[in-house]
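> sequence-free structure coming up:
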Ligand code: GAR
């Protein structure tokens, strides 16, 4: 049995959260986990470049290459299984995952969401749209949440949350930047280590 939990990070875009995870690993702040695969649903995601620079294997599965959601997910599962992955982290992964997929990994998929769930979450709330909605509602604090993924969009058990103030002259972009820097990039590596460590414990108990 491996002494580190094998992690796949799923991405769609710029990959700054992936970078936070890679940097944490590099600094020794992810001692219970190892990022063994970066899987993107977009061939042009800059996150793939970040993975390559860090020497982490990459794979691309684009939804449009497959006739059905099931075939798309089967292709992802193949990559995940061939790398012996035990835990998944959605780091700005914007494709839908079906219940069939999420049920295979109960409390083994983490997601980072850029609001204080249950505010501004669920279907249609992703990326800048979340911050636009928060500003339109006039909230005075916002933040980020790391939670487990189940069949309900942004509905799984919450692991960590952190809040920051919303400032009077914020734009969606400035609010997004503050939440990324002060919340997401801090919480995601912490939650990754928590879950990776607890999965190692579970494995030991199962032996
Ligand atoms: C992050 O802000 C992440 O929280 C958000 O997309 C951004 C990805 O940035 N995710 C969602 O909105 C999921 N509902 P990144 O590619 O630079 O990590």
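Happy to help now that I have it. Please read all numbers here as calculations on a predicted model, not as lab measurements.

> Residue of the protein closest to the ligand, please.
residue 92 (2.6 Å; CB to the nearest ligand atom). Every residue, glycine included, has its C-beta placed from N, CA and C.

> any idea which helix is longest in the chain?
The longest helix of the chain (DSSP state H) is helix 185-206.

> Give me the residues contacting that one.
Contacts with helix 185-206, where a contact means CB atoms under 8 Å, 6 or more residues apart in numbering, come from 1, 3-5, 7, 16-17, 19-21, 23-24, 29-33, 86-87, 89, 91, 107-108, 110, 112, 144-146, 159-162.

> cool, and stretch 137-145?
Applying CB under 8 Å, 6+ apart, the contact partners of stretch 137-145 are 112-117, 119-121, 131, 134, 154, 158, 160-166, 175, 179-180, 183-184, 187.

> Likewise for stretch 114-125?
Against stretch 114-125 from outside (CB under 8 Å, 6+ apart): 113, 127, 130-131, 133-134, 137, 139, 141-145, 147, 153-155, 158, 161, 163, 176, 179-180, 183-184.

> Of these, which are in range of the ligand?
113, 127, 130, 180, 184 (CB under 6 Å from any ligand atom).

> any idea which helix or strand comes after the helix or strand harbouring the third one?
Yep, that's residue 130 we're talking about. For residue 130, the host element (DSSP states H and E) is helix 128-137. The element immediately downstream of helix 128-137 (helix or strand, assigned by DSSP H and E) is strand 141-148.

> could you give the angle of the helix or strand following that following strand to strand 141-148?
Next along the chain after strand 141-148, taking DSSP H and E as the criterion, comes strand 158-165. When axes from the mean of the first three to the mean of the last three CA atoms, to 10 degrees is applied, the directions of strand 158-165 and strand 141-148 differ by 170 degrees.

> and the following helix or strand past strand 158-165, which residues are buried?
Downstream of strand 158-165, the first helix or strand assigned by DSSP H and E is helix 172-179. Neighbour-count burial for helix 172-179, counted by 16 or more other CB atoms under 10 Å, picks out 172, 175, 176, 178, 179.
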